[in-house]
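# how would this look folded up:
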Amino acid sequence: MHIIIVGGGKLGYYLAKTLVPQRHHLVLIEEDPDMCQKIAGELTDLGITLIHGDGTSVSDLREAEIEDADILIAVTGHDQNNLVACQVAKNYFNVPRTIARVNNPKNINVFRSLGVDSVVSSTAYIADIIEHEVDWEGINLMLSQKVGNLRIHEFQVNAQSKAAGKLVMDLKLPAGVILVSLIRDKEATVPSGQTQILAGDTIIAMGSEDSIATLRGYVSSAEVEA
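Next comes the predicted model:
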């Protein structure tokens, strides 16, 4: 399939890499020049076409050969851009299927009513998990039984943390660590590369025991063990 991904942040970047083994024709569109420069080499080596452009622009979508696209997936950090990209793909180029990331769960029904085929809200899912007080200990037990040393941990970011004030893309994350969620003022979001970490934030991370131990020292001196 010919798949266009709009948004080259952490979600779009890893989504593209994940789809590589299925031998799809993958095109990733990213507007930020610094981000493009950062990911260009690796994606090109994997056979992914990277376009520095705007996923809501007709000309940039044409450069991505949208006329031949089977799916457009919009995963930028801005709901309005994701919606417009999907609408242009569906209504202007007749792309068979569109998928959009929604950062604000209140927009889910709006996206669906405006014709987006699949709406994904990680924020809503994570908020629901927090609301129902997930048994982290039980999850970690399950992970240890199923996949070995993979763990989920919760970190509190304090004012002395090396991570405070930094963008996620600038963090020195250990290999194998994924930031699953960031909680601020009782609201959960899925962090992108452009997300700034602030003192008082809670970070939920997944990784091996060794990588989590490394992250613990970097993020906070006062970790809340999950």
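# If you count neighbours, what's buried in stretch 47-66?
48-56, 60-61, 64, 66 (16 or more other C-beta atoms under 10 Å). For every residue, glycine as well, the C-beta is placed using N, CA and C.
# What's the end-to-end length of it?
18 Å (C-alpha to C-alpha, to the nearest Å).
# before we move on, what about stretch 70-90?
11 Å.
# try stretch 18-34
End-to-end for stretch 18-34, by C-alpha to C-alpha: 22 Å.
# same thing with stretch 188-206?
16 Å.
# okay, and for this protein, where does confidence drop off?
122-150, 186, 220-226 (pLDDT under 70).
# Please enumerate the helices of it.
10-19, 33-45, 58-63, 79-87, 108-113, 122-131, 136-147, 209-219 (DSSP state H).
# Report the residue ranges of every domain in this structure.
Split into domains by automatic domain parsing, the chain comes to 2-120, 128-224.
# Tell me which of those sits most buried.
domain 2-120 (a mean of 19; mean count of other C-beta atoms under 10 Å).
# Distance across that one, terminal residue to terminal residue?
Domain 2-120 end-to-end distance (C-alpha to C-alpha) = 20 Å.
# Stretch 48-67 now?
18 Å.
# Just checking the distance from it to the centre of its chain.
20 Å (C-alpha atoms, centre = their mean, to the nearest Å).
# For residue 104, see how far away the residue lying closest to residue 112 once chain neighbours are set aside is.
Nearest non-adjacent residue to residue 112, counting by C-beta to C-beta, 6 or more residues apart in numbering: residue 119, 5.7 Å away. The gap separating residue 119 from residue 104 is 11 Å, by C-beta to C-beta, to the nearest Å.
# any idea how far residue 78 lies from residue 6?
10 Å.
# picking up where we left off before, would you list the helices of the chain in TSV and tack on distance to residue 72?
Output for those, formatted as TSV (distance: least, C-beta to C-beta, whole Å):
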stretch	distance to residue 72
helix 10-19	12
helix 33-45	18
helix 58-63	8
helix 79-87	6
helix 108-113	13
helix 122-131	19
helix 136-147	32
helix 209-219	34
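# Contact partners for the nearest residue to residue 104 once chain neighbours are set aside?
Closest residue to residue 104 apart from its sequence neighbours, by C-beta to C-beta, 6+ apart: residue 79 at 5.7 Å. When contacts are counted by C-beta atoms under 8 Å, 6 or more residues apart in numbering, residue 79 touches 102-104, 107, 111.
# Which pair of those residues spans the longest distance?
Largest separation among the contacts of residue 79 by C-beta to C-beta: 103 and 111, giving 11.1 Å.
# that older thread, report the separation between the residue nearest to residue 104 and residue 42.
Distance, residue 79 to residue 42, by C-beta to C-beta: 28 Å.
# Equivalent analysis for residue 193, please.
Per C-beta to C-beta, residue 193 is found 14 Å from residue 42.
# Can you say which of the helices of the chain is nearest to residue 170?
When the helices of the chain are compared (using C-beta to C-beta), the closest one is helix 33-45, at 10.4 Å.
# From the contact counts, what lies against that closest one?
Contact here means 3 or more C-beta pairs under 8 Å, 6 or more residues apart in numbering; DSSP states H and E; on that basis helix 33-45 packs against helix 10-19, strand 25-30, strand 49-52.
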